[in-house]
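> Fold the following.
(chains A and B)
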Amino acid sequence: AQSVAQPEDQVNVAEGNPLTVKCTYSVSGNPYLFWYVQYPNRGLQFLLKYITGDNLVKGSYGFEAEFNKSQTSFHLKKPSALVSDSALYFCAVRDPNTGGFKTIFGAGTRLFVKA
Amino acid sequence: GAVVSQHPSWVICKSGTSVKIECRSLDFQATTMFWYRQFPKQSLMLMATSNEGSKATYEQGVEKDKFLINHASLTLSTLTVTSAHPEDSSFYICSARDTSGGYQETQYFGPGTRLLVL
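All right, here's what the predicted structure looks like:
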């Protein structure tokens, strides 16, 4: 069965500093991996995805993520954080070979960026 | 990017009544839509997968008679919470698969509907 873990409930970073939000996954085959962001009382906004190809994926708002197959990780990164990046971030995984179209979400990591 | 809308954005109802939530894909066709439920400070819980023209597939533990799903067209899925009770109060989010990019498919999410049952 597929699963995804976000080990940190909360990440605090100062504005202008680099940020990393961690995600590890477990699937039996090759994963489809996603990052979404959620602002208060809103739905999820798509940030980026890894399906195949380059391990470093660039997405919206300056975010990027690196797929590491050996460590089964897909950490979200940004070189310079903004206060407006403060939100709830979800990592998600889908196993197209066994999980059908079902996407499993991590518990979420709340990012606080201090001015 | 693709846009998914939900209506209403929030609803307050009395216990025992039914509430219908609409999910629309505005600029793409979606053969598959998903309904999630999110409790405060928790992740999304997949309730069911809605397939256009066929019955929805419910996740284990989700009552199909209580949460009725209809996917009558390629741009509209509805979730009806029947005989709502206070414990059904939650944030309901739908998403739709945009497969126009072939295997590079992505789920796009609606803004959510907050339901409060009194």
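> What's the local residue count around residue 40?
No chain specified, so I'll use chain A. 6 (other Cβ atoms under 10 Å in any protein chain shown). The C-beta positions use only the backbone N, C-alpha and C, and glycine is treated the same way.
> not what I meant, chain B
6.
> Got phi/psi on it?
Dihedral pair for B:Pro40: phi -50, psi 130, per degrees, to the nearest 10.
> Kindly report the same for A:Arg42.
According to degrees, to the nearest 10, A:Arg42 has phi -130, psi 160.
> my read: it touches B:Thr113, true?
No. Judged on Cβ atoms under 8 Å, A:Arg42 makes no contact with B:Thr113 at a distance of 11.4 Å.
> more crowded one of those two?
Per other Cβ under 10 Å, whichever of A:Arg42 and B:Thr113 has more neighbours is B:Thr113, with 23 against 17.
> what residues does chain A put near chain B?
A:34, A:36, A:41-46, A:49, A:51, A:90, A:100-108 (Cβ under 8 Å from any Cβ of the partner chain).
> In PyMOL, how would I select the buried members of the residues you listed?
Entered in PyMOL, the line below selects the buried ones among these, by 16 or more other Cβ atoms under 10 Å in any protein chain shown:
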select buried, chain A and resi 34+36+42+43+44+45+46+49+51+90+101+102+103+104+105+106+107+108
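> near chain A, which residues of chain B?
B:1, B:4, B:6, B:32, B:34, B:42-44, B:46, B:49, B:91, B:93, B:95, B:97, B:103-104, B:106-112, B:114.
> can you do 7 Å?
Proximity of chain B to chain A, by Cβ under 7 Å from any Cβ of the partner chain, involves residues B:1, B:32, B:43-44, B:46, B:49, B:93, B:97, B:103-104, B:106-112, B:114.
> Please report phi then psi for A:Asp85.
phi -80, psi -10.
> That one: what's its closest spatial neighbour, skipping adjacent residues?
Nearest residue to A:Asp85, sequence neighbours excluded (Cβ to Cβ, 6 or more residues apart in numbering or on different chains): A:Val113, at 5.2 Å.
> Does B:Met33 belong to a helix, a strand or coil?
strand (DSSP: H, G, I helix; E, B strand; the rest coil).
> hmm, I was thinking of B:Met45
Secondary structure state of B:Met45, per three-state DSSP, is strand.
> Do I have it right that it meets B:Arg37?
Yes. Under the criterion of Cβ atoms under 7 Å, B:Met45 is in contact with B:Arg37, at a separation of 5.0 Å.
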